[in-house]
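1. no sequence on hand, only this structure:
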(Lines give C-alpha, C1' and ligand atoms only; values in the text may rest on other atoms or scores of the structure.)
Protein backbone atom coordinates (compact mmCIF):
# COMPACT_ATOMS: atom_id res chain seq x y z
CA UNK A 1 0.00 0.00 0.00
CA UNK A 2 1.10 3.54 -0.70
CA UNK A 3 1.52 6.16 2.03
CA UNK A 4 -0.39 9.09 0.55
CA UNK A 5 1.08 11.56 3.04
CA UNK A 6 4.58 10.60 1.95
CA UNK A 7 3.69 10.80 -1.74
CA UNK A 8 2.61 14.42 -1.28
CA UNK A 9 5.37 15.16 1.24
CA UNK A 10 3.04 16.40 3.98
CA UNK A 11 2.53 15.47 7.62
CA UNK A 12 -0.47 13.45 8.84
CA UNK A 13 -1.98 16.54 10.43
CA UNK A 14 -1.66 18.68 7.26
CA UNK A 15 -4.57 20.95 6.44
CA UNK A 16 -6.54 20.75 3.21
CA UNK A 17 -4.73 23.87 2.02
CA UNK A 18 -1.31 22.28 2.61
CA UNK A 19 -2.44 19.12 0.80
CA UNK A 20 -3.71 21.23 -2.09
CA UNK A 21 -0.47 23.21 -2.36
CA UNK A 22 1.66 20.06 -2.27
CA UNK A 23 -0.53 18.47 -4.94
CA UNK A 24 -0.29 21.49 -7.24
CA UNK A 25 3.48 21.69 -6.86
CA UNK A 26 3.94 17.97 -7.63
CA UNK A 27 1.27 17.91 -10.35
CA UNK A 28 3.10 20.64 -12.26
CA UNK A 29 6.39 18.81 -11.77
CA UNK A 30 5.14 15.39 -12.96
CA UNK A 31 2.35 16.30 -15.38
CA UNK A 32 2.56 14.10 -18.53
CA UNK A 33 2.21 17.11 -20.85
CA UNK A 34 5.40 18.57 -19.40
CA UNK A 35 7.32 15.41 -20.35
CA UNK A 36 6.17 14.90 -23.95
CA UNK A 37 9.71 15.50 -25.29
CA UNK A 38 11.43 13.45 -22.56
CA UNK A 39 12.81 9.94 -23.12
CA UNK A 40 10.34 7.09 -22.71
CA UNK A 41 11.53 5.98 -19.27
CA UNK A 42 11.38 9.53 -17.87
CA UNK A 43 7.91 10.07 -19.36
CA UNK A 44 6.67 6.75 -17.94
CA UNK A 45 8.12 7.51 -14.50
CA UNK A 46 6.55 10.97 -14.51
CA UNK A 47 3.18 9.51 -15.54
CA UNK A 48 3.29 6.94 -12.74
CA UNK A 49 4.25 9.57 -10.19
CA UNK A 50 1.52 11.89 -11.47
CA UNK A 51 -1.04 9.11 -10.98
CA UNK A 52 0.25 8.47 -7.45
CA UNK A 53 0.10 12.18 -6.63
CA UNK A 54 -3.42 12.46 -8.07
CA UNK A 55 -4.63 9.44 -6.09
CA UNK A 56 -3.04 10.77 -2.89
CA UNK A 57 -4.71 14.16 -3.40
CA UNK A 58 -8.06 12.51 -4.15
CA UNK A 59 -7.90 10.57 -0.88
CA UNK A 60 -6.47 13.26 1.39
CA UNK A 61 -8.65 16.11 0.11
CA UNK A 62 -11.94 14.25 0.74
CA UNK A 63 -12.79 14.10 4.46
CA UNK A 64 -14.51 10.70 4.29
CA UNK A 65 -11.78 9.06 2.23
CA UNK A 66 -9.10 10.57 4.45
CA UNK A 67 -10.80 9.30 7.63
CA UNK A 68 -11.14 5.84 6.11
CA UNK A 69 -7.52 5.88 4.95
CA UNK A 70 -6.34 7.01 8.39
CA UNK A 71 -8.41 4.29 10.08
CA UNK A 72 -6.81 1.61 7.92
CA UNK A 73 -3.41 3.19 8.41
CA UNK A 74 -3.88 3.37 12.19
CA UNK A 75 -4.90 -0.30 12.33
CA UNK A 76 -1.27 -1.13 11.62
CA UNK A 77 -1.70 -1.70 7.89
CA UNK A 78 1.52 0.27 7.43
CA UNK A 79 4.23 -1.25 9.55
CA UNK A 80 6.62 1.40 10.79
CA UNK A 81 9.83 -0.10 12.01
CA UNK A 82 12.90 1.63 13.34
CA UNK A 83 11.58 5.13 12.59
CA UNK A 84 11.66 4.62 8.85
CA UNK A 85 8.79 4.37 6.42
CA UNK A 86 8.23 2.30 3.32
CA UNK A 87 7.39 4.57 0.43
CA UNK A 88 5.98 3.89 -3.04
CA UNK A 89 9.32 4.54 -4.70
CA UNK A 90 10.97 1.47 -3.20
CA UNK A 91 13.55 3.22 -1.04
CA UNK A 92 13.54 3.89 2.68
CA UNK A 93 13.66 7.34 4.22
CA UNK A 94 13.65 8.63 7.75
CA UNK A 95 10.72 10.99 7.22
CA UNK A 96 8.16 12.19 4.78
CA UNK A 97 9.46 13.01 1.32
CA UNK A 98 13.16 12.79 2.17
CA UNK A 99 13.95 9.82 -0.07
CA UNK A 100 15.72 10.08 -3.38
CA UNK A 101 14.78 6.76 -4.98
CA UNK A 102 13.65 6.44 -8.57
CA UNK A 103 11.97 3.02 -8.41
CA UNK A 104 8.21 2.76 -8.21
CA UNK A 105 7.68 -0.72 -6.79
CA UNK A 106 6.48 -1.22 -3.25
CA UNK A 107 9.28 -2.64 -1.17
CA UNK A 108 8.05 -5.73 0.64
CA UNK A 109 11.39 -5.96 2.44
CA UNK A 110 10.49 -2.99 4.61
CA UNK A 111 7.36 -4.65 5.98
CA UNK A 112 7.63 -6.43 9.25
CA UNK A 113 7.04 -10.19 9.27
CA UNK A 114 3.46 -11.17 9.93
CA UNK A 115 2.55 -12.36 13.38
CA UNK A 116 -0.54 -14.20 14.52
CA UNK A 117 -2.31 -11.01 15.62
CA UNK A 118 -1.68 -9.13 12.37
CA UNK A 119 -2.74 -12.22 10.40
CA UNK A 120 -5.88 -12.44 12.51
CA UNK A 121 -6.59 -8.72 11.98
CA UNK A 122 -6.11 -9.06 8.23
CA UNK A 123 -8.40 -12.09 8.09
CA UNK A 124 -11.01 -10.34 10.23
CA UNK A 125 -10.81 -7.23 8.04
CA UNK A 126 -11.33 -9.39 4.93
CA UNK A 127 -14.18 -11.37 6.46
CA UNK A 128 -16.02 -8.17 7.39
CA UNK A 129 -15.77 -6.45 4.02
CA UNK A 130 -19.03 -5.64 2.31
CA UNK A 131 -18.23 -7.71 -0.79
CA UNK A 132 -17.43 -10.82 1.25
CA UNK A 133 -20.58 -10.49 3.35
CA UNK A 134 -22.73 -10.00 0.25
CA UNK A 135 -21.22 -13.07 -1.41
CA UNK A 136 -21.74 -15.07 1.78
CA UNK A 137 -25.40 -13.99 1.92
CA UNK A 138 -25.89 -14.90 -1.74
CA UNK A 139 -24.34 -18.33 -1.23
CA UNK A 140 -26.51 -18.94 1.83
CA UNK A 141 -29.62 -17.91 -0.09
CA UNK A 142 -28.76 -20.26 -2.94
CA UNK A 143 -28.19 -23.20 -0.57
CA UNK A 144 -31.53 -22.49 1.09
CA UNK A 145 -33.29 -22.24 -2.29
CA UNK A 146 -31.83 -25.52 -3.55
CA UNK A 147 -32.76 -27.35 -0.36
CA UNK A 148 -36.30 -25.91 -0.50
CA UNK A 149 -36.69 -26.99 -4.13
CA UNK A 150 -35.38 -30.47 -3.34
CA UNK A 151 -37.74 -31.01 -0.41
CA UNK A 152 -40.70 -29.52 -2.28
CA UNK A 153 -40.05 -31.92 -5.18
CA UNK A 154 -40.17 -34.89 -2.84
CA UNK A 155 -43.35 -33.57 -1.21
CA UNK A 156 -45.05 -33.09 -4.57
CA UNK A 157 -44.06 -36.61 -5.65
CA UNK A 158 -45.56 -38.10 -2.51
CA UNK A 159 -48.78 -36.08 -2.91
CA UNK A 160 -49.38 -37.14 -6.51
CA UNK A 161 -48.11 -40.72 -6.27
CA UNK A 162 -49.36 -42.06 -2.99
CA UNK A 163 -48.18 -45.54 -2.20
CA UNK A 164 -45.50 -45.74 -4.93
CA UNK A 165 -41.83 -45.09 -4.63
CA UNK A 166 -39.93 -43.38 -7.40
CA UNK A 167 -38.29 -46.64 -8.45
CA UNK A 168 -41.66 -48.40 -8.72
CA UNK A 169 -43.00 -45.56 -10.87
CA UNK A 170 -39.98 -45.77 -13.20
CA UNK A 171 -40.46 -49.56 -13.54
CA UNK A 172 -44.10 -48.97 -14.37
CA UNK A 173 -43.16 -46.45 -17.06
CA UNK A 174 -40.65 -48.85 -18.57
CA UNK A 175 -43.24 -51.63 -18.70
CA UNK A 176 -45.72 -49.27 -20.37
CA UNK A 177 -43.14 -48.21 -22.91
CA UNK A 178 -42.23 -51.79 -23.77
CA UNK A 179 -45.91 -52.68 -24.00
CA UNK A 180 -46.52 -49.79 -26.49
CA UNK A 181 -43.56 -50.86 -28.62
CA UNK A 182 -44.87 -54.42 -28.88
CA UNK A 183 -48.41 -53.45 -29.67
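-> That came through, no problem. Computed from a predicted model, the values in this text were never measured in an experiment.
2. tally of neighbours for the spatially closest residue to residue 164 that is not a sequence neighbour?
-> Excluding the flanking residues, the one nearest residue 164 by Cβ to Cβ, 6 or more residues apart in numbering is residue 172, at 7.6 Å. Bear in mind the C-beta positions are built from the backbone N, C-alpha and C, glycine included. The number of residues packed near residue 172 is 12, by other Cβ atoms under 10 Å.
3. and what about residue 172, helix, strand or coil?
-> helix (DSSP: H, G, I helix; E, B strand; the rest coil).
4. helix or strand right after the helix or strand of the chain with the lowest mean pLDDT?
-> Ranked by mean pLDDT, DSSP states H and E, the weakest helix or strand in the chain is strand 92-93, scoring a mean of 42. Counting by DSSP states H and E, the next helix or strand C-terminal to strand 92-93 is helix 116-127.
5. just the buried positions in that following helix, please.
-> residue 118 (16 or more other Cβ atoms under 10 Å).
6. what does stretch 8-24 give?
-> 8-10, 14, 19, 22-23.
7. number of nearby residues for the nearest residue to residue 73 once chain neighbours are set aside?
-> Spatial nearest neighbour of residue 73, chain neighbours left out: residue 3 (7.8 Å); criterion: Cβ to Cβ, 6+ apart. The number of residues packed near residue 3 is 18, by other Cβ under 10 Å.
8. which stretches in this structure count as strands?
-> Counting by DSSP state E, the chain has strands at residues 85-86, 92-93.
9. residue 5 touches residue 60, doesn't it?
-> Yes: in this structure residue 5 lies within contact range of residue 60 using Cβ atoms under 8 Å: 7.2 Å.
10. give me the common contacts of these two.
-> Common neighbours of residue 5 and residue 60 are listed as residue 14 (criterion: Cβ atoms under 8 Å, 6 or more residues apart in numbering).
11. from the buried residues of stretch 8-24, which land in helices?
-> 8, 19, 22-23 (DSSP state H).
12. which of these sits closest to residue 37?
-> Nearest to residue 37 among those: residue 23, at 24.1 Å, using Cβ to Cβ.
13. my read: the closest one touches residue 8, true?
-> Yes: using Cβ under 8 Å, residue 23 is in contact with residue 8, at 6.2 Å.
14. which neighbours do the two have in common?
-> 53, 56-57.
15. what angle do the biggest helix by length in the chain and helix 116-127 make?
-> When the chain is parsed with DSSP H, its longest helix is helix 130-160. Helix 130-160 runs at 60 degrees relative to helix 116-127, counting by axes from the mean of the first three to the mean of the last three Cα atoms, to 10 degrees.
16. thanks again, I'm all set now.
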